[in-house]
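>>> I need the structure of the sequence given here:
(one chain, ligands or ions: 1)
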Amino acid sequence: MKIYQVGGSVRDEIMGIKPHDFDYVVVGTTEKEFLEKYPDAKKVGKNFPVFLVDGNEYAFARSEKKVAPGYRGFEIDSSSDITLEEDLLRRDITINAIAKNIETGDYIDPFNGIKDIANKKIVHVSDKFSEDPLRVYRVARFAAQFPDFTVDKKTIILMAKLKTELKTLSSERVFTELMKTLEKEKPFRFFETLEKANSLEEHFIEFKNKNKLQEHFENFSKYADEKLFISFGLILTDKEIETFYKRLKAPNKLYLNMLNLYSIKEMLNHFDKKNAKFIYKFIEISKQISLLTKEEFIDFIKLYKFEDIKFIEKITELIPLLDSLRIPEAMRNKGKDSSGHLIAMKVDKIREYLSIKS
Ligand code: CTP
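Reported below is the predicted structural model:
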């Protein structure tokens, strides 16, 4: 039995990046023999042997043959005669197909991943790339993660050929890949790479030919993850937000935050400083954007290039005062009348605070 470190951790070590999790491949053994050596190992794989040992994954070397469309349509061979090279061959890109002998520290690199790291190239290992269409999005994600790497032309062609297969991917897998991308250095490259591979239609049609998408990502470069996701509310239309959210089955909280940011954007485009009701509505919507702090909300508006940011700052300072208002005893517990009264009080307070009449 031989055990090799494989995948992203080997790639990251070579690149001088601290690896975040370690994957191992186990070659030339049986489950029985492996468990004799690692009695505490927990089996987690259903379709092929994968064990957890001290929080790290140990997968038996395997080769995969596609027998039906979709990423589940595989025939997997994980018998003890599968070699390390066969296991590396079924992997996505060469920089992810390097193994390290854990005893000697030597690299086994049959597909020249180390050279591709040096030349900053993202390139598929073999035609087996096509066996999992998610790799189209993985390549785009790696382009975002390693912004100075170029995706090889042949890989782009292979990605383009997988276009019709993308629909077999579950929304969860696509959404996860997008969210991983939004943590990376240059998320715009994800969309740019998919555009090149003509692969935006299936899950990201709303971003196709989107005006100023690059500029948006540049402006919001200090934001990542969920905050960057909801910032799409500033570039998509309400219809686009809805179709995108439904297709990706994004969490409702993200959807509502994005939609509220869209409403804020619409209000900014027709901002009426002299209208207290308008300002009340603006404040109420801004309070619904739960994923942003007050400072971040103001910063978003600044990045949206709204010219009168001082005014926005001024009205957000009003929020605690408005929140502290209470309806008089006599008006309480009267349902709609009570809430209407409270709104009127708040609107009045805004008028007073801003010295406006309407
Ligand atoms: N892999 C693959 N095809 C996939 C998913 C994974 O070939 N669709 C292989 C790659 O060799 C990859 C390894 O499995 O390096 C581990 O996958 P994963 O943990 O998803 O990604 P990493 O490359 O480790 O990247 P990250 O840094 O995001 O963990």
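>>> going forward, measure contacts between C-alpha atoms and count neighbours the same way
Fine.
>>> do you know how far the most centrally placed residue in the chain is from the ligand?
Closest to where the C-alpha atoms of the chain average out (Cα atoms, centre = their mean) is M179, at 1.3 Å. For M179, the distance to the ligand (Cα to the nearest ligand atom, to the nearest Å) stands at 11 Å.
>>> that residue and L228 touch, don't they?
No. Applying Cα atoms under 8 Å, one finds M179 not in contact with L228, separated by 9.4 Å.
>>> number of residues surrounding F48?
By the measure other Cα atoms under 10 Å, the count of residues near F48 is 16.
>>> list the contacts of it.
A59, F60, R62, I76, S78 (Cα atoms under 8 Å, 6 or more residues apart in numbering).
>>> which one of the residues you listed is nearest to the ligand?
A59 (10.0 Å; Cα to the nearest ligand atom).
>>> find me the pLDDT at that closest one, would you?
Per-residue confidence (pLDDT) for A59: 96.
>>> can you give me phi and psi for the nearest residue to it once chain neighbours are set aside?
Residue nearest to A59 in three dimensions, not counting chain neighbours: V50, with 4.2 Å by Cα to Cα, 6 or more residues apart in numbering. Main-chain dihedrals, V50, degrees, to the nearest 10: phi -130, psi 130.
>>> my guess is V50 contacts A41, does it?
No. With contacts counted by Cα under 8 Å, V50 stays clear of A41, the gap being 9.4 Å.
>>> helix or strand: which one has R173?
Using DSSP states H and E, R173 falls within helix 171-181.
>>> my bad, A344
With DSSP H and E as the test, A344 turns up in helix 336-354.
>>> look up how far the ligand lies from L268.
In terms of Cα to the nearest ligand atom, L268 sits 38 Å off from the ligand.
>>> state the distance from that residue to F306.
Distance from L268 to F306, counting by Cα to Cα, to the nearest Å: 7 Å.
>>> L194 against L200, yeah?
Yes. Counting by Cα under 8 Å, L194 touches L200, with 5.6 Å between them.
>>> if we can go back for a sec, the helix holding A344 packs against which elements?
With contacts taken as 3 or more Cα pairs under 8 Å, 6 or more residues apart in numbering; DSSP states H and E, helix 336-354 sits against helix 276-287.
>>> who's in contact with the residue nearest to I98 when sequence neighbours are not counted?
Excluding the flanking residues, the one nearest I98 by Cα to Cα, 6+ apart is D109, at 4.9 Å. Residues near D109 by Cα under 8 Å, 6+ apart: A97, I98, A99.
>>> could I get the phi/psi values of D109?
The phi/psi pair for D109 (degrees, to the nearest 10) is phi -140, psi 70.
>>> who in the protein is up against the ligand?
Contact residues, the chain versus the ligand (Cα under 6 Å from any ligand atom): G7, G8, R91, D92, N96, A97, D132, L134, R135.
>>> ok, of the residues you listed, which one's closest to S358?
Of all those, S358 sits closest to L134, with 54.9 Å by Cα to Cα.
>>> wait, that closest one sits on V174?
Yes. Contact criterion Cα under 8 Å: L134 and V174 qualify, at 7.4 Å.
>>> which of these two has more neighbours?
Ranked by neighbour count (other Cα under 10 Å), L134 and V174 place L134 first, with 23 against 19.
>>> list the contacts of K346.
So K346 contacts Y280, L322, L325 (Cα under 8 Å, 6+ apart).
>>> weed out the non-buried ones from those.
Y280, L322 (16 or more other Cα atoms under 10 Å).
>>> now the contacts of K346 as TSV including pLDDT?
Listed next are these as TSV, based on pLDDT from 0 to 100:
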residue	pLDDT
Y280	97
L322	95
L325	95
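>>> okay, now L292: neighbour count?
18.
>>> swap in L35?
L35 - counted by other Cα under 10 Å - has 14 other residues nearby.
>>> so for the nearest residue to it once chain neighbours are set aside, what's the pLDDT?
Distances taken as Cα to Cα, 6+ apart place A41 nearest to L35, at 6.6 Å, with adjacent residues excluded. Confidence at A41, expressed as pLDDT, is 96.
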